[in-house]
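Asker: Can you look at this prediction? I've put the sequence above it.
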Amino acid sequence: MKSLAWGLVFLLAAVLAAAELNEKDPNTWTAYGKNSYGWRYSELRQITTSNVAQLVPKWIFQSDVSGKFEASPLVYDGMMYVPAPSNHAFGLDLLTGRVVWHYFKKVPRGVDICCGQVNRGFAALGDKLFKVNLEATLMAMDAKTGAVLWESQIDDVKKGYSGTVAPLIAKNLVIVGPAGAEFGVRGFIDAFDANTGKRVWRFWTVAGPDEPGGDTWRADAYQRGGGSIWVPGTYDPELNLVYFGTGNPGPDLDGGVRPGDNLYTCSIVALDADTGKLKWHYQMTPHDVHDWDAISDPVLIDVNQDGKKVKAVVQANRNGFLYALDRANGKLLYAKPYTQVDWADGVAANGRPNLVSGKEPSEQGTLTCPGMGGGHNWQATTYSPQTGLYYFTNTEGCAIYYKTSQEYHEGVQYQASTTTTANGEPNTGSVIAADPNTGAVKWRFATASPPASGLLATGGGLVFAGDREGYFIAFDAKTGNVLWKFQTGGSVSAPPVSYTFEGKQYIAVAAGASMIAFALPGGASR
């Protein structure tokens, strides 16, 4: 029995070591954020500022699946793994984009989500892939064949829960949360054992009456409190903490039925990876009434503060402020506006925003900046250690916010509100580069419409992005100058990745219903 126990220990250690090796291998892409810090940075530098204008498609995979394609693919062992909308997923051959396997599970009746039947990506550990399904389940799959190894229920879809998030791996745990804040769910973060699918711990992102923060809700409002998780978190193995941004409170714009700060909505929470115990929290928007989720990816960057290096977590929040927090204790390092903000005239040293009166939703409508989606929304950001800059997208514009009352009914959308654009004019967008040490914006590239895709930075001095009009674009990471663009024929709503195959660097991105792999002309570069 003793020898068996030691054998299991060594086996687990080997699996974890392999996962760490893959994460650091620049030739592969094995996690949503490339590394557990969420940088989305590739060290590869065959494609550079000097030759990116020669980039051409090498293959195009057409999925024939309708809906928004928001997934970040994983790439390793000669395969690309791509979740698609409506519970589809594909394993593709890297040479040609040929389908090796296809997974599909029919979405059950009654699954209703606010923003499309999307999926944001796989997680990988050893020979397993992990994926959520829309009906709020988590499953493990064999990476080579697509066979389902286990499937666990996250929560009851009839209550309004659903699953769209890319899982996060921490040690031997698969960490996820449910979507559904717009349906009056009570949000949480769950950790499952990667081998068995058994739930190991749960942290409620909406505090109950007998829990710390429970006094920030009135009566039973916490039971419909929102706080959903639909963008993956990050993990610091040295601190053994996982970081997640949490969603809006419910209902979105009618704060009258839920007085108080409404913890832990619109917050970053830092949890012990082994137990799920709360280490600290920081709430960006107390008692949010503008649907400014704090779900944007919490990126882990070491920043300089007063001549000292501080392990920080950086987030471009939907409320219009760029935040840096000490990731060991949650202390605010700075909060700087990056877009038009008129609901607060800054953030105090204690971390609370200095509110401007008269900016709450009203029956007649209240003009407030930024608009309902932000600011920066869910689209993946990137950090380049080469330039030292943090890159994110932004919707430029304001909105008129209305307040209405609505009774709660289980499984029915519970938003109690609506918005319109200011003066009926469409919003525009931008790609922003900021100094994570100070929050200062270094360059800004204006786009004709609000942003759609996530971002990728590479060792070739480039940042890649896409737009709603179907263009896939390469920027000079230092200056923001456009060096190359390609019309894909479909809206780009997904973040790109980079990898090598047979010695050649590729850039891949989903556009419309297709996955496109780009490379420089010619054969392999060894």
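Answerer: Structure received.
Asker: quick one, strands of the stretch 251-400 of the chain?
Answerer: Under the criterion DSSP state E, counting those that start in this stretch, the stretch 251-400 of the chain contains strands at 267-272, 278-283, 299-305, 308-316, 321-326, 332-337, 344-347, 353-355, 366-368, 382-384, 389-396, 399-403.
Asker: Compare these and report which one is nearest to Gly522.
Answerer: Across the strands of the stretch 251-400 of the chain, Gly522 has its closest neighbour in strand 382-384 (26.6 Å, Cβ to Cβ). For glycine as for every other residue, the C-beta is placed from the backbone atoms N, C-alpha and C.
Asker: contacts for the closest one?
Answerer: If you take Cβ atoms under 8 Å, 6 or more residues apart in numbering as the criterion, strand 382-384 is touched by 37-41, 299, 301, 314, 389-392, 436, 454-458, 463, 477.
Asker: chain center to that strand, what's the gap?
Answerer: Relative to the centre of its chain, strand 382-384 is centred 14 Å away, using Cα atoms, centre = their mean, to the nearest Å.
Asker: tell me the mean pLDDT over that strand?
Answerer: For strand 382-384, mean pLDDT is 98.
Asker: So which bits of stretch 46-59 are buried?
Answerer: For stretch 46-59, a neighbour-count test (16 or more other Cβ atoms under 10 Å) marks 46-47, 49, 52, 55, 58-59 as buried.
Asker: Mind checking which of the residues you listed are in strands?
Answerer: Among the buried residues of stretch 46-59, DSSP state E puts 58-59 in strands.
Asker: farthest pair in the buried residues of stretch 46-59?
Answerer: Thr49 and Trp59 (24.7 Å).
Asker: where does the chain have low pLDDT?
Answerer: Applying pLDDT under 70 to the chain picks out residues 1-22, 523-526.
Asker: Walking through it, point out its helices one by one.
Answerer: Secondary structure of the chain (DSSP state H): helices at 2-24.
Asker: Asp254 and Tyr408 touch, don't they?
Answerer: No - between Asp254 and Tyr408 there is no contact under Cβ atoms under 8 Å: 10.7 Å.
Asker: For these two, indicate the residue with more neighbours.
Answerer: When Asp254 and Tyr408 are compared for neighbours, Asp254 comes out ahead with 20 against 15, by other Cβ atoms under 10 Å.
Asker: ok, which stretches of the stretch 1-150 of the chain are strands?
Answerer: Under DSSP E, counting those that start in this stretch, the stretch 1-150 of the chain gives strands at 41-42, 56-62, 74-76, 79-84, 88-93, 99-104, 123-125, 128-133, 137-142, 148-153.
Asker: Need these in TSV (columns: distance to Gly489).
Answerer: Formatted as TSV, those follow (distance: least, Cβ to Cβ, whole Å):
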stretch	distance to Gly489
strand 41-42	25
strand 56-62	9
strand 74-76	23
strand 79-84	17
strand 88-93	19
strand 99-104	20
strand 123-125	30
strand 128-133	27
strand 137-142	30
strand 148-153	33
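Asker: Indicate which one of those is closest to Gly375.
Answerer: Nearest of the strands of the stretch 1-150 of the chain to Gly375, taken as Cβ to Cβ: strand 41-42 at 22.8 Å.
Asker: quick one: strands adjacent to that closest one?
Answerer: In the sheet, strand 41-42 lines up against strand 456-458 (parallel) (DSSP bridges).
Asker: Please enumerate residues in contact with the partner strand?
Answerer: The contact list for strand 456-458 (Cβ under 8 Å, 6+ apart) reads 39-45, 47, 382-384, 386-387, 391, 463-465, 477, 495-498, 507.
Asker: check contacts around Cys398.
Answerer: Taking Cβ under 8 Å, 6+ apart, we find Cys398 in contact with 340, 342, 367-371, 421-422.
Asker: Let's see the PyMOL selection covering just the buried ones among these.
Answerer: In PyMOL syntax, the buried subset of the contacts of Cys398 is picked out as below (16+ other Cβ under 10 Å):
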select buried, resi 368+369+370+371
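Asker: Need the nearest residue in space to Trp201, chain neighbours excluded.
Answerer: Leaving aside its chain neighbours, Trp201 sits nearest to Gly276 (3.4 Å; criterion: Cβ to Cβ, 6 or more residues apart in numbering).
Asker: And the one you found, how close does it get to Ala170?
Answerer: With distances taken as Cβ to Cβ, to the nearest Å, Gly276 is found 11 Å from Ala170.
Asker: and for the two, which residues touch both?
Answerer: With Cβ under 8 Å, 6+ apart as the test, Gly276 and Ala170 both reach Ala191.
Asker: higher neighbour count, the two?
Answerer: The residue with more neighbours, out of Gly276 and Ala170, is Ala170; 22 against 19, by other Cβ under 10 Å.
Asker: Buried residues in stretch 306-323, which are they?
Answerer: Going by neighbour count (16+ other Cβ under 10 Å), the buried part of stretch 306-323 is 310-323.
Asker: do the same with stretch 383-397
Answerer: Counting neighbours by 16+ other Cβ under 10 Å, stretch 383-397 gives 383-384, 386-387, 389-397 as buried.
Asker: Same check on stretch 84-101?
Answerer: So, applying 16+ other Cβ under 10 Å, buried residues of stretch 84-101: 84-92, 94, 97, 100-101.
Asker: Run the chain-centre distance for that stretch.
Answerer: Centroid separation for stretch 84-101 versus its chain: 22 Å, with Cα atoms, centre = their mean.
Asker: how long is that stretch end to end?
Answerer: Chord length of stretch 84-101, first to last residue, is 13 Å (Cα to Cα, to the nearest Å).
Asker: got it, and stretch 313-321?
Answerer: End-to-end distance for stretch 313-321: 14 Å, by Cα to Cα.
Asker: cool, stretch 162-172 as well?
Answerer: 24 Å.
Asker: ditto for stretch 114-123
Answerer: With Cα to Cα as the measure, the first residue of stretch 114-123 is 24 Å from its last.
Asker: Chain neighbours aside, what residue packs nearest to the residue nearest the centre of the chain?
Answerer: Closest to where the C-alpha atoms of the chain average out (Cα atoms, centre = their mean) is Val231, at 3.3 Å. In space, and not counting its chain neighbours, Val231 is closest to Ile295: 4.4 Å by Cβ to Cβ, 6+ apart.
Asker: Need the residues that contact stretch 189-202.
Answerer: Here stretch 189-202 makes contact (Cβ under 8 Å, 6+ apart) with 125-126, 128, 130, 138-140, 150-152, 154, 169-170, 172-177, 188, 203, 205, 229, 233, 242, 244, 269, 271, 273, 275-276.
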